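Q: this one's sequence-less:
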């Protein structure tokens, strides 16, 4: 089989993510895109080693991951063949407009992992508003069809959190929680998206490999009096996040 030669879509020398994880992601995308068709043989380990500029062991480890996912099959003396495309991804859209940010994730289940009071946020992601006297700190995990896709750390002005029911904590997005608080008038809201890698805790709770790519979304909400009533940090699985923006 004659393979299509292309440069890897990631910088294997500069990224903090393990090289075999980067390669596994690259190879997975090639199967998704049809560059490696189902039933056809993939490039050899030697070809991939030369193309990507890594050790043979790194390529083999990446292929091991795809084999465990059932995407490829390897045969002694025959080579590696594509078995199937990745299963439909549980896309989690990070909305860029206020109505979208309030919308519930379809079929999502929210588990409250921690609920504590009397805290101050360790960092403030946006230079807006003044801190509240005390915050209620929540850790929530969002999942769909049993697969976790979001780990969220929330800081809510403790004076307002009393107006949020247990049922709401288990069913509403973070900003929907804030928007629905009786009497709260929102003056300003900010959102920032960055890319990072999973630490030990995130890896365990989102069921992803250590150092796997994740999307990190920071959100802040300021009320009419200028108080920073909400700070949130959302950690999204990198293989499930999608950001759509309308270009003007």
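A: Thanks, I have the structure now. All values reported here derive from a predicted model rather than from experimental measurement.
Q: Where does pLDDT dip in the chain?
A: 1-17, 87-106, 245-248 (pLDDT under 70).
Q: okay, now the domains of it?
A: The record's domain parsing of the chain by automatic domain parsing lists 19-82, 92-242.
Q: what are the ranges of the helices in this structure?
A: Taking DSSP state H, the helices of the chain run over residues 19-33, 45-52, 56-68, 98-102, 158-161, 166-169, 174-179, 200-206.
Q: Just list what the last one packs against, helices and strands only.
A: Right, the one you point to is helix 200-206. strand 147-157, strand 227-237 (3 or more Cβ pairs under 8 Å, 6 or more residues apart in numbering; DSSP states H and E). Heads up, the C-betas are built off the backbone N, CA and C, glycines and all.
Q: so which of those gets nearest residue 58?
A: The minimum distance between residue 58 and those falls on strand 227-237, with 22.7 Å, by Cβ to Cβ.
Q: What is that closest one packed up against?
A: strand 130-131, strand 147-157, helix 174-179, helix 200-206, strand 213-223.
Q: can I get those in TSV with mean neighbour count and distance to residue 163?
A: Output for the helices and strands packed on strand 227-237, formatted as TSV (neighbours: other Cβ atoms under 10 Å; distance: least, Cβ to Cβ, whole Å):
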stretch	mean neighbour count	distance to residue 163
strand 130-131	12	19
strand 147-157	22	10
helix 174-179	21	10
helix 200-206	15	28
strand 213-223	21	13
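Q: Please name whichever of these is nearest to residue 30.
A: Nearest of these to residue 30, taken as Cβ to Cβ: strand 213-223 at 16.9 Å.
Q: okay, the angle between that closest one and strand 227-237?
A: Strand 213-223 runs at 160 degrees relative to strand 227-237, counting by axes from the mean of the first three to the mean of the last three Cα atoms, to 10 degrees.
Q: list the helices and strands strand 213-223 packs on?
A: With contacts taken as 3+ Cβ pairs under 8 Å, 6+ apart, strand 213-223 sits against helix 174-179, strand 186-197, strand 227-237.
Q: hey, which of those is tucked in deepest?
A: strand 227-237 (a mean of 24; mean count of other Cβ atoms under 10 Å).
Q: Measure how far it is from the centre of its chain, please.
A: Offset of strand 227-237 from its chain centre (Cα atoms, centre = their mean, to the nearest Å): 14 Å.
Q: Identify whichever of the helices and strands packed on strand 213-223 lies nearest to residue 217.
A: strand 227-237 (4.2 Å).
Q: Just send the helices of the chain back as TSV, with distance to residue 222 too.
A: Compiled in TSV, these are given as follows (distance: least, Cβ to Cβ, whole Å):
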stretch	distance to residue 222
helix 19-33	37
helix 45-52	46
helix 56-68	43
helix 98-102	14
helix 158-161	13
helix 166-169	21
helix 174-179	10
helix 200-206	28
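Q: And those helices: which comes nearest residue 152?
A: helix 174-179 (6.1 Å).
Q: And the contacts of that closest one?
A: By Cβ atoms under 8 Å, 6 or more residues apart in numbering, the surrounding residues in contact with helix 174-179 are 101-104, 140, 152, 154, 156, 160, 164, 168-169, 184, 186, 189, 219, 221, 229-230, 232, 234.
Q: what sits against the nearest residue to residue 203 once chain neighbours are set aside?
A: Leaving aside its chain neighbours, residue 203 sits nearest to residue 210 (4.6 Å; criterion: Cβ to Cβ, 6 or more residues apart in numbering). Listed by Cβ under 8 Å, 6+ apart, the contact partners of residue 210 are 198, 199, 200, 203.
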